[in-house]
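Peer 1: Whatever this is, show me its structure:
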Amino acid sequence: ETLNNGHQLSSLPLQMLFYVNGIYYLFYFLATLAMIVYKSQVFSYPDDFLAPDLTLLFIMAILEVLRLYLGSKGNLTEEEGPLGLSLAISVGSVILSVYFLVWQTYVLKADVIINAVLLLTYGLESVLKVIAIAAFVS
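Peer 2: Have a look, this model is predicted:
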């Protein structure tokens with residue numbers, strides 16, 4: 001069932017990227033969480049801004065788990081549905097990453113670096129997802 005005319009359509013580079021992104025996101029989450037805690041201690045962090053920043057980080061983590069799970073499942077089973085859903089969830093992840101890059105209460109140089117890397121991996125992953133979906137549909 002995974003073979004179509006003897007050709008495997010699932011993308012190995014995409015699967016490897018899902019794996020790398022999973023590890024990187026764990027680092028990203030812990031680093032961002034640590035920086036939010038650090039900023040709340042060092043800077044006068046408005047109380048009504050701390051909760052939304054933390055909430056958005058946890059929402060992003062949930063989206064990330066869903067995004068990687070659906071993407072990986074869609075790629076391995078060669079189904080465009082889960083892969084397309086993963087691509088759609090990526091839009092939310094990108095918006096949240098941009099939030100942490102530009103709009104969060106305090107943006108440190110470290111925030112800029114880890115969000116830039118995250119956005120780069122999202123971009124690369126999205127291109128590979130579109131190519132994989134095109135291969136599955138054809």
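Peer 1: use CA for all of it now, contacts and neighbours both
Peer 2: Noted.
Peer 1: mean confidence score for stretch 116-125?
Peer 2: Across stretch 116-125, pLDDT averages out at 96.
Peer 1: In terms of helix, strand or coil, where does V127 fall?
Peer 2: helix (DSSP: H, G, I helix; E, B strand; the rest coil).
Peer 1: just the CA coordinates of stretch 49-58, formatted as CSV?
Peer 2: Extracted C-alpha coordinates of stretch 49-58, given in CSV (Å, rounded to 0.1, in the frame of the first residue of the first chain):
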residue,chain,number,x,y,z
PHE,A,49,1.6,40.4,29.8
LEU,A,50,3.3,37.5,31.5
ALA,A,51,0.3,35.1,31.3
PRO,A,52,-0.5,35.8,27.6
ASP,A,53,3.2,35.2,26.7
LEU,A,54,3.2,31.9,28.6
THR,A,55,-0.2,30.9,27.3
LEU,A,56,0.9,31.5,23.7
LEU,A,57,4.0,29.5,24.2
PHE,A,58,2.0,26.5,25.5
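Peer 1: can you give me the helices for this structure?
Peer 2: Remark: helices assigned in the chain by DSSP state H are 12-42, 47-77, 80-98, 109-137.
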